[in-house]
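Q: how would this look folded up:
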Amino acid sequence: MTQTLTPIQGAGAMGAEPQKTLWWEFFTFSVDHKIIGIQYLVTSFVFYLVGGLLASIVRAELATPDSDLVDPAFYNSLFTMHGTVMIFLWIVPAVTGGFGNYLIPLMIGARDMAFPRLNAIAFWLTIPAGMLLMSSFFFGPASTGWTAYPPLSILTNEHVGQVIWIGSILLVGTSSILAAVNFIVTIWSMRMPEMDLFSMPLFCWAMMATSVLALLATPVLAGAMVLLGFDLLIGTNFFNPTGGGDPVVYQHLFWFYSHPAVYVMVLPVFGIISEVLPPHSRKPIFGYKAIAYSSMMICFLGLFVWAHHMFTSGTPDWLRVFFMVVTLLVSVPTGIKVFSWVATLWGGKLRLDSPLLFAMGFISTFLIGGLSGVMLGSTPIDIHVHDTYFVVAHFHYVLFGGSVFGIYAGLYHWFPKMTGRMLNEFWGKVHFVLTFIGMHLTFGPMHILGLQGMPRRVAQYDPQFAPINVICTIGAFILAISTVPFVINAVYSWFKGEQAPDNPWDALTMEWTTSSPPIPHNWVGEPVLLTGPYDYGEEYKEARKEAAIAASQALT
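A: I've put the predicted structure just below:
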């Protein structure tokens, strides 16, 4: 990105006195996108801790071959609720609702989202959704996996818990649709006049692709949930084979959303990584347009890959070939991003602080998940390792190694902007080391378990798998402990941390041109666009200086 943009006439806000947000405002029906973004992040992180607790119990059970910690039926509920919480109440709300709400208006020079009240409604739908899901533990929680495949989900004895699960998913889905509409309208129509599409930060491109994908795919999941609820509550036979229904139709509906949901979770993280790397390596992003177009290409191709989850569901051979080819094809735009990120780092003046460490950790772990995804996209290999721990390893390398590492990179990068305080770097590095070690120790050996034939979703297993499961359990406990320094660091720094300057990273995107934390309505007067979002390096210094002089003259 080499274009230097001229400033907008008007008053900027760098150095404006920030107005402190009172603590009780975070518990109100606020329409300020910044408060809503933090509400999303904090709420989703609480659910992350809940989901992590459930995962720790699952791994403690799997430390031994026998079912000796929890009842096998309750074990089924534990991994069902773990998957549901982590996907629908942690990653999706954090990356889209949290970072998306906080950053999009600031990055495009807008005062707020296009529909502030709709924005608030979208957040407050996630609270009853989470409470509803957790309340199912008192009525017999869902125990059919996060996929809720019929006929198991229809014939289960836990009808109440399964119905509550469906209601929770419908609320989260509604929230996702409302947010998607808001992001698309905001990005498309509320950019400052001088900011065209190819002057936007890449996070905006990622959120645009994510929102289109969510808007197209989420209603299909909602339809599947409604029909499944009808089968449970009023005895219809949409998916019940004993009454002439077809459970495979449910799989098509479910995966038409749930594989694009992977991109809903990782595309915003791709955007976060594209924002973190340039300022911390002091280089322009490599291949701006390639990264932007690849986000839209993933959005398009992501709608045509769902049936690779169904290679063992009686899918005809010719259809298997089609979905195998498209699955392998979708790796191309992802590879473009990885190549561009590595090229951005290459030869840069790297500052190995916490945001960059987590960003590089994301690239390495996500790459492993992507390579195993290419393997699973091949029909013969997928059939061989279907429903084994190889799939569990792949899934977590993509979503934990991808989304969670990216979320942490974003939190360390934008924490000063959100709070006006710096996180402690020493504890940030401790957090990264524990997370990185715990991640690979937990999920890396699962590839071996899968290739050896250990099935997933079981509480009891053949004793030959015990040694590797012990290693995975130790890794899971390290991963659980890794959150402790982050929580303490974040809470302490929010109140007592070192005061942050307005732009501690010397970044060039628009959110860093206002105070930290931003004032109400983000800027005093009109925001000033001095330069392109990634114009780092010696060759751009003179252009930025000239733009700053022009902006100063405009103020007078």
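Q: Phe138 and Thr210, how far apart?
A: Separation of Phe138 from Thr210 (CB to CB, to the nearest Å) stands at 34 Å. In this view, the C-beta of every residue, glycine as well, is placed from N, C-alpha and C.
Q: Show me which of the two is the more surrounded one.
A: Thr210 (32 against 10; other CB atoms under 10 Å).
Q: Touching, that one and Pro268? I think so.
A: Yes - using CB atoms under 8 Å, Thr210 makes contact with Pro268 at a distance of 5.5 Å.
Q: okay, and the common contacts of these two?
A: 96, 100 (CB atoms under 8 Å, 6 or more residues apart in numbering).
Q: Which residue is the nearest non-sequential neighbour of Thr84?
A: Trp146 (4.8 Å; CB to CB, 6 or more residues apart in numbering).
Q: wait, that neighbour sits on Leu89?
A: No - here Trp146 lies out of contact with Leu89, judged by CB under 8 Å, at a distance of 11.4 Å.
Q: Okay, now the unreliable bits of the chain?
A: 1-24, 158, 538-556 (pLDDT under 70).
Q: higher neighbour count, Trp146 and Leu89?
A: Leu89 (24 against 19).
Q: Show the contacting residues for the more buried one.
A: 44, 47, 51, 126, 129-130, 133, 172.
Q: Could you look up the SS state of it?
A: helix (DSSP: H, G, I helix; E, B strand; the rest coil).
Q: Next one: it from Val398, what distance?
A: 18 Å.
Q: Same question for Ala476.
A: For Ala476, the distance to Val398 - CB to CB - is 18 Å.
Q: neighbour count winner among those two?
A: More neighbours surround Ala476 than the other of Ala476 and Val398, with 23 against 20 (other CB under 10 Å).
Q: so who does Met190 touch?
A: The contact partners of Met190, taken as CB under 8 Å, 6+ apart, are 105, 108, 110, 114.
Q: at 10 Å instead, please
A: Met190 makes contact with 104-105, 108-114 under the criterion CB atoms under 10 Å, 6 or more residues apart in numbering.
Q: Then Leu213?
A: By CB under 10 Å, 6+ apart, the neighbours of Leu213 are 180, 257, 260-264, 267, 295-296, 298-300, 302-303.
Q: out of those, which are buried?
A: Neighbour counting with 16 or more other CB atoms under 10 Å marks 180, 257, 260-264, 267, 295-296, 298-299, 302-303 as buried within those.
Q: Among the contacts of Met190, name the buried ones.
A: Among those, those classed as buried by neighbour count (16+ other CB under 10 Å) are 104-105, 108-110, 112-114.
Q: now these in JSON lines, with distance to Glu25?
A: Output for those, formatted as JSON lines (distance: CB to CB, whole Å):
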{"residue": "Ile104", "distance to Glu25": "20"}
{"residue": "Pro105", "distance to Glu25": "17"}
{"residue": "Ile108", "distance to Glu25": "24"}
{"residue": "Gly109", "distance to Glu25": "24"}
{"residue": "Ala110", "distance to Glu25": "20"}
{"residue": "Asp112", "distance to Glu25": "15"}
{"residue": "Met113", "distance to Glu25": "17"}
{"residue": "Ala114", "distance to Glu25": "22"}
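Q: and which of those residues is nearest Val392?
A: Ile104 (33.6 Å; CB to CB).
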